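Asks: Build me a structure from this.
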Amino acid sequence: MRAGAGLVVVLSGADDDGTAGYRPMFDAAWAGLRALVDEGLLDEDEAVQMGMPHFGRGAADLAAPFGDGQFAGLTIEALETFDSGDEFWDDYQSNGDAAEFGARWAGIFAAGAFPSLATGLHSGPDDPRTAAILDLLETEVAGRLAAAPAQMHIPVTNVVLTKIRRGA
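Replies: Residues are numbered from 1 along each chain as shown. Sure, this is the predicted structure:
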């Protein structure tokens, strides 16, 4: 970065109490993995390897390295955490279609997580079971979210960093 340049970083956040978002989706995913183990499609080690830790950082965590106002030649110009809202929940509240709600969130989970989850299989993403297992997992997640629709809490943190000018 050149001196004076800015960088905007948007990432999963956490509330001041450390609560990260997407809890119903991650709970449904873990329950879905457990169901695949119960059905004998995954073994216990694979399910554990496919578990996805999700950790959002709160504003205090992100600001901590900047205790004296700068870190690694950068300063924080702006830092905010906010709830981005759950448009799928809003649609569900309007149309009452729980199956659509579950399917939409399961699709988001599949798009973002499945490439990483596939690495937990014993043979990795090239495992011949990969496509079938991920399809079943998406169906499990969708069904569980549809059976008990819940609004997703989605904390997002925006950080605007500026590269310090020499002599500043």
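Asks: lowest average confidence, helix or strand, in this protein?
Replies: Least confident helix or strand of the chain, by mean pLDDT, DSSP states H and E, is helix 59-63 with a mean of 90.
Asks: Packing partners of the following helix or strand past it?
Replies: Scanning forward in sequence from helix 59-63 by DSSP states H and E, the next helix or strand is strand 74-83. Under the contact definition 3 or more CB pairs under 8 Å, 6 or more residues apart in numbering; DSSP states H and E, strand 74-83 sits against helix 59-63, strand 155-163. All C-beta atoms are positioned from the backbone trio N, CA, C, and that covers glycine.
Asks: neighbouring contacts of the shortest one?
Replies: Going back to what we said before, that points to helix 59-63. G13, A14, D16, I76, L79, E80, T81, T157, V159 (CB atoms under 8 Å, 6 or more residues apart in numbering).
Asks: hmm, back to that, to D86, which of the helices and strands packed on strand 74-83 lies closest?
Replies: When those are compared by CB to CB, strand 155-163 sits nearest D86, at 11.7 Å.
Asks: okay, the closest one in CSV with CA atoms only?
Replies: Output of strand 155-163 as CSV, limited to C-alpha atoms (Å, rounded to 0.1, in the frame of the first residue of the first chain):
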residue,chain,number,x,y,z
PRO,A,155,-22.8,-9.5,13.0
VAL,A,156,-20.5,-7.9,10.4
THR,A,157,-17.5,-5.7,11.1
ASN,A,158,-16.2,-3.0,8.8
VAL,A,159,-12.7,-1.7,9.4
VAL,A,160,-11.2,1.1,7.4
LEU,A,161,-7.4,1.2,7.6
THR,A,162,-5.0,3.9,6.4
LYS,A,163,-1.4,3.4,5.6
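Asks: ok so, going back, where does confidence bottom out across the contacts of helix 59-63?
Replies: The lowest pLDDT within the contacts of helix 59-63 belongs to D16, with 80.
Asks: How about whichever helix or strand D91 is part of, which residues are buried there?
Replies: Using DSSP H and E, D91 sits within helix 87-95. Within helix 87-95, the residues scored as buried using 16 or more other CB atoms under 10 Å are F88, W89, Y92.
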